[in-house]
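In: give me the fold of what follows.
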Amino acid sequence: MNLAIVPVILPLSTGAACAAVESERARRWISLTGALGTLGAAAWLVWAVRGGNVVVLRAGGWPAPYGITFAVDGLGALMCGISSYVATVTLWFGMREAASRYHRYWHAGWHLLLGGMNGAFLTGDLFNLYVFFEILLIASYFLLTLGTSREQAREAFTYVALNLVASTLFLVAVGLLYAATGTVNMADLARRLPSAPSALVRGGVVLLATAFGLKAAIFPLYFWLPHAYAIPPGSVAAYFGGMLTKVGVYALYRLFTTLAPLGRPDPLWLFVASGTMVFGVLGALAQEEIRRILSFHIISQIGYMILGLALGTREGLAAGLFYVLHHIGVKTALLLASGTVERTWGTGRLSLLSGLGSAQPALGVLFFIPALSLAGIPPLSGFWGKVALLVAGADAYAERPGLWIPLALGTSVLVSLLTLASMVKIFTQAFWGPAPRRRRAAPELLLPVAAMAALTVVWGLGGRWLWELTWSAAGQLLDRGSYLDAVLGGSR
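Out: As a prediction, this is how the structure comes out:
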């Protein structure tokens, strides 16, 4: 049985059902059941591709490159699995947080966003990747502005305007590549691009890299992110902060492996990775609110993911993918903890908070663990992700010595220390010190935070199986033959 389409169709159907149902109780059950069903289907896909397989679904039985194709390899399955888990946990948190008058369409937007993300991860077609990007953009704008003030809606407009620019660049790039090759199927593009007119191909690849880089918030295209993520409720911010920029990172990994492989350490992308790490962490150090600090750290951590891609080796790609999964877990946990603080105590400003750890030790622990992981403290998953990147960088330098590799690796170590400083700043000002008489956060808000924070502990203490999955996925990305054979079959 082929379930490749289920993580896309099921959330879209669930969202439509939630919008149609009048009963609040029925809507909650439909929403949670749909999210858990999507998570189960995504877990099956991870299991199905674990040995290097590619699951292919041809809509209507039409062969590639003529029909619509879903092609699930290790990269797509892992991203689909983690997005479904994050959507389920943040949905759980959000049902306690969102105003009940918005629930009807709030659930619909939640599942529309999940369907758009999973479609982007699983499609084997460049134009359909554009379509799914548009679906998740519509859903994200809806969730960003639902129940907000006019001023907040105006801030969200900047987010939409920049994403529309990225979408326009994306569409023009699809047109250029189609003009050069006559196809938009990614496997067929990979086969035809080497012999296509170079000017059209270069133009298309540059526009795609710019569009994906804007969505991923890499240097110097990151300026939109901190303002956009400061607007919505905690559950939406955690959903966005955990996943949205990773769709852009996924697209960059797909572009520079399947379509236009780097093949070696790339100085330009090593520079971009270093700039993203440095400017993100410097922005975080200058902030005085928990969520704004965490938002700037999304940017700096994207730099580590780009570092793995920029190395262009199997070790680098595997380390980069491991870091993507690790960061999704810890960032979602931290933003959920931030949302808990804001909902319970009415502010996330450090000067107005103190003693939260004494008032509620469980919340302090649930913030402290992912914060240490973000800074790369052993034995949590962030430590192993950074060690894997350093080892991959050293190996790449031994094979192809170049100045930009040690500079990027040194930058990653320095940024880790600065990240630790900013996490200590939050902890000492908000969680340490005397505890004035305060309210306590509701336990049902802490359980989703624990569900996300547990990932970094599990992956840190026993994450060998996750490393093997990312290692297998990286091997598939570099050996394009198995992907092309699976998608194109006899037409290759």
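In: I figured Leu207 hits Leu169, correct?
Out: Yes. With contact defined as Cβ atoms under 8 Å, Leu207 and Leu169 form a contacting pair (4.7 Å). C-beta: built from backbone N, CA, C; applies to glycine.
In: which is the succeeding secondary structure element to the helix or strand containing Ser295?
Out: Using DSSP states H and E, Ser295 sits within helix 290-311. Following the chain from helix 290-311 toward its C-terminal end, the next helix or strand by DSSP H and E is helix 314-345.
In: just checking, what packs against that following helix?
Out: Other elements packing on helix 314-345 under the criterion 3 or more Cβ pairs under 8 Å, 6 or more residues apart in numbering; DSSP states H and E are helix 74-97, helix 234-254, helix 290-311, helix 361-375, helix 381-399, helix 443-462, helix 464-478.
In: average pLDDT for that helix?
Out: Average pLDDT, helix 314-345: 96.
In: what angle sits between the helix holding Ser295 and helix 361-375?
Out: Using axes from the mean of the first three to the mean of the last three Cα atoms, to 10 degrees, the interaxial angle of helix 290-311 with respect to helix 361-375 works out to 30 degrees.
In: so which elements touch helix 290-311?
Out: Using 3+ Cβ pairs under 8 Å, 6+ apart as the contact definition, the elements that helix 290-311 packs against are helix 225-229, helix 234-254, helix 267-285, helix 314-345, helix 381-399, helix 404-426.
In: mind putting the helices and strands packed on helix 314-345 into JSON lines with mean neighbour count and distance to Gln429?
Out: Compiled in JSON lines, the helices and strands packed on helix 314-345 are given as follows (neighbours: other Cβ atoms under 10 Å; distance: least, Cβ to Cβ, whole Å):
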{"stretch": "helix 74-97", "mean neighbour count": "25", "distance to Gln429": "24"}
{"stretch": "helix 234-254", "mean neighbour count": "26", "distance to Gln429": "19"}
{"stretch": "helix 290-311", "mean neighbour count": "27", "distance to Gln429": "9"}
{"stretch": "helix 361-375", "mean neighbour count": "22", "distance to Gln429": "12"}
{"stretch": "helix 381-399", "mean neighbour count": "20", "distance to Gln429": "22"}
{"stretch": "helix 443-462", "mean neighbour count": "20", "distance to Gln429": "20"}
{"stretch": "helix 464-478", "mean neighbour count": "19", "distance to Gln429": "34"}
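In: among these, which is nearest Ile218?
Out: helix 290-311 (6.0 Å; Cβ to Cβ).
In: with only the CA atoms kept, save that closest one in PDB.
Out: Extracted C-alpha coordinates of helix 290-311, given in PDB (Å, rounded to 0.1, in the frame of the first residue of the first chain):
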ATOM      1  CA  ILE A 290      12.500  36.200  25.400                       C
ATOM      2  CA  ARG A 291      10.700  35.600  22.100                       C
ATOM      3  CA  ARG A 292      12.800  38.200  20.200                       C
ATOM      4  CA  ILE A 293      16.000  36.600  21.500                       C
ATOM      5  CA  LEU A 294      14.700  33.200  20.400                       C
ATOM      6  CA  SER A 295      13.700  34.600  17.000                       C
ATOM      7  CA  PHE A 296      17.100  35.900  16.300                       C
ATOM      8  CA  HIS A 297      18.600  32.600  17.300                       C
ATOM      9  CA  ILE A 298      16.500  30.900  14.600                       C
ATOM     10  CA  ILE A 299      18.600  32.900  12.200                       C
ATOM     11  CA  SER A 300      21.900  32.000  13.800                       C
ATOM     12  CA  GLN A 301      21.100  28.300  13.900                       C
ATOM     13  CA  ILE A 302      20.100  28.300  10.200                       C
ATOM     14  CA  GLY A 303      23.800  29.100   9.600                       C
ATOM     15  CA  TYR A 304      24.800  25.700  11.000                       C
ATOM     16  CA  MET A 305      22.400  24.000   8.700                       C
ATOM     17  CA  ILE A 306      23.800  25.900   5.700                       C
ATOM     18  CA  LEU A 307      27.300  25.000   6.900                       C
ATOM     19  CA  GLY A 308      26.500  21.300   6.400                       C
ATOM     20  CA  LEU A 309      25.200  21.900   2.900                       C
ATOM     21  CA  ALA A 310      28.100  24.200   2.000                       C
ATOM     22  CA  LEU A 311      30.700  21.400   2.800                       C
END
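In: next, the angle from that helix to helix 267-285.
Out: Between helix 290-311 and helix 267-285, the angle comes out at 170 degrees (the same axes, to 10 degrees).
In: what's the following helix or strand after the helix or strand containing Val46?
Out: When elements are assigned from DSSP H and E, Val46 belongs to helix 24-48. The C-terminal neighbour of helix 24-48 among helices and strands, as given by DSSP H and E, is strand 55-58.
In: what's the mean pLDDT across that next one?
Out: Averaging pLDDT residue by residue across strand 55-58 gives 92.
In: and the helix or strand that it is followed by, how far out from the chain middle?
Out: Beyond strand 55-58 in the direction of the C-terminus, DSSP H and E gives the next helix or strand as strand 69-72. Mean C-alpha position of strand 69-72 versus that of the full chain (Cα atoms, centre = their mean, to the nearest Å) differs by 20 Å.
In: residues in contact with strand 69-72?
Out: By Cβ atoms under 8 Å, 6 or more residues apart in numbering, the residues outside strand 69-72 that reach it are 4-5, 8, 45, 48-49, 54-59, 80, 122-125, 185-187, 483, 486-487.
In: now do the buried residues in the lowest-mean-pLDDT helix or strand in the chain.
Out: Lowest mean confidence among the helices and strands of the chain (mean pLDDT, DSSP states H and E): helix 225-229, at a mean of 83. Buried residues in helix 225-229, defined by neighbour count with 16 or more other Cβ atoms under 10 Å: 225-226, 228-229.
In: also stretch 14-29?
Out: Under the neighbour-count criterion of 16+ other Cβ under 10 Å, stretch 14-29 has 14-15, 17-19, 21, 27-28 buried.
In: what is the mean pLDDT for it?
Out: Stretch 14-29 shows an average pLDDT of 92 in the prediction.
In: repeat for stretch 162-179
Out: Per-region confidence: stretch 162-179 scores 95 on mean pLDDT.
In: before we move on, back to that, and the least confident helix or strand of the chain, what does it pack against?
Out: Using 3+ Cβ pairs under 8 Å, 6+ apart as the contact test, the elements touching helix 225-229 are helix 150-181, helix 234-254, helix 290-311.
In: compare those helices and give me the one nearest Leu113.
Out: helix 234-254 (7.3 Å).
In: tilt between that closest one and helix 74-97?
Out: Computed by the same axes, to 10 degrees, the angle separating helix 234-254 from helix 74-97 equals 170 degrees.
In: let me know the average pLDDT across helix 234-254.
Out: When pLDDT is averaged along helix 234-254, the result is 95.
In: shaky segments in the chain?
Out: Residues of the chain meeting the criterion pLDDT under 70: 1, 98-103, 148, 151-152, 437-438, 490-492.
In: please indicate which of the contacts of strand 69-72 are buried?
Out: Among those, those classed as buried by neighbour count (16+ other Cβ under 10 Å) are 4-5, 8, 45, 48-49, 54-58, 80, 122-125, 185-187, 483, 486-487.
In: surely Phe142 meets His107?
Out: No. The criterion here is Cβ under 8 Å, and Phe142 misses it with His107 at 11.6 Å.
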